[in-house]
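In: Provide a 3D model corresponding to the input given below.
(one chain, ligands or ions: 1)
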Amino acid sequence: MSDRQTKHKTADQEPVISVRGLVNRFGDNVVHDNLNLDVLPGEILGIVGGSGSGKSVLLRSIVGLKRPDEGRVEVFGQALDSLDSQQRSQMERRFGVLFQRGALFSSLNLQENIALPLIEHARLSRSDAEYLARVKLSLVGLPASAALQSPESLSGGMVKRAALARALALDPDVLFLDEPTAGLDPISAAAFDELLVTLRDALRFSVFLVTHDLDTLYSSCDRVAVISQKRVLAAGTLDEIAATQDDWVQAYFHGPRGRAAQQAASTHHLQE
Ligand SMILES: Nc1ncnc2c1ncn2[C@@H]1O[C@H](COP(=O)(O)OP(=O)(O)OP(=O)(O)O)[C@@H](O)[C@H]1O
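Out: Got it, this is the predicted structure:
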């Protein structure tokens, strides 16, 4: 077990998110069938599975964008479907979401993009919101000069950081990230992974991280949940998952890319 996995051992704590018996269908397409999952306080939980296995739909069910056909989603001990609209919007303020194609508004500069949720949800004045937006931009490692730049003028890595700053705008308790390193070069992706761990260590939020990126799993995640056959096939530390006797898991973690990611992670730990 790696240092990271022992450091954030949280299995005896109450989950911040608990999903039980989840069923999601689109017409005849059953995406989830009796899916169960817990997200523990302060952990970075990686969600992996084949293309179309239902990772994004799971994320959408938890944040309330897709009403489950059956089952129960509890967040901070409250069932999502029991909340009235005011309680729901209070709950949503505790979530930060970075969608797969979580584009920033191209007509707004970065500072305005990040100020938007602060003005809309926290009812801050424009000048206070823009001040806080600049603080968030610096938190994710962007230079002060980025505040007035448009998203289109930035590199992919900087856009992801800015989108992360927007997801962090309202100081969330749980951060949902859908493929945050997709499309980034390996160096930018590694820097993003490192940033995520640093921010989680400092701010203590929990992270629900959908990813295909094996390097991200090895460098950032405390636990991993594998979605396969419409449910969570296995959830645990990387060591536990890698030992799971399942063809998809074996091919994923013990194929050439899995071995390379594991090797890179152990070299990195030795250098620390
Ligand atoms: N709005 C929708 N209407 C109909 N079907 C949908 C909708 N959203 C998702 N699906 C279907 O649900 C299934 C799961 O999709 P989802 O996007 O969650 O997969 P995923 O695991 O995130 O895939 P990927 O790794 O490729 O992003 C797919 O078969 C998809 O076609």
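
In: hmm, the host helix or strand of Trp248 in reach of the ligand?
Out: For Trp248, the host element (DSSP states H and E) is helix 247-254. No: against the ligand, helix 247-254 shows no contacts by Cβ under 6 Å from any ligand atom, the least distance being 12.5 Å. All C-beta spots, glycine's among them, are computed from the backbone N, C-alpha and C.

In: which helices and strands sit right next to that helix?
Out: strand 223-228, strand 231-236, helix 238-242 (3 or more Cβ pairs under 8 Å, 6 or more residues apart in numbering; DSSP states H and E).

In: the ligand is nearest to which of the ones you listed?
Out: Using Cβ to the nearest ligand atom as the measure, strand 223-228 is the one of the helices and strands packed on helix 247-254 that comes nearest the ligand, at 6.8 Å.

In: buried residues, the closest one. List them.
Out: Arg223, Val224, Ala225, Val226, Ile227, Ser228 (16 or more other Cβ atoms under 10 Å).

In: kindly report the same for stretch 165-182.
Out: 165-170, 172-181.

In: distance of Ser56 relative to the ligand?
Out: 3 Å (Cβ to the nearest ligand atom, to the nearest Å).

In: can you give me the end-to-end span of stretch 230-240?
Out: 20 Å (Cα to Cα, to the nearest Å).

In: can you list contacts of it?
Out: 1-2, 5, 30-38, 45, 54, 217-218, 221-227, 241, 244, 246, 248-249, 253 (Cβ atoms under 8 Å, 6 or more residues apart in numbering).

In: neighbours around Leu238, how many?
Out: Using other Cβ atoms under 10 Å, Leu238 is surrounded by 24 other residues.

In: i'd like the first residue to be 38 from this point on
Out: Shifting the count to begin at 38 puts that one at Leu275.

In: model confidence score at it, please.
Out: The score at Leu275 is 91. That number is its pLDDT.

In: just Arg160 next, same as before
Out: At Arg160, pLDDT is 88.

In: mind checking how far it is from the ligand?
Out: Going from Arg160 to the ligand by Cβ to the nearest ligand atom gives 32 Å.

In: domains of this structure?
Out: 77-92+211-309, 139-209 (automatic domain parsing).

In: pull the distance from the shortest one to the chain's centre.
Out: Right, domain 139-209. 18 Å (Cα atoms, centre = their mean, to the nearest Å).

In: for Val112, which non-adjacent residue is closest in space?
Out: Ile54 (5.4 Å; Cβ to Cβ, 6 or more residues apart in numbering).

In: leaving out chain neighbours, which residue sits closest to Gln148?
Out: In space, Gln148 is closest to Ala184, 4.0 Å off (Cβ to Cβ, 6+ apart).

In: hmm, back to that, got the helices and strands packed on helix 284-291 as TSV, with distance to the ligand columns?
Out: Below are the helices and strands packed on helix 284-291 laid out as TSV (distance: least, Cβ to the nearest ligand atom, whole Å):
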stretch	distance to the ligand
strand 260-265	7
strand 268-273	13
helix 275-279	17
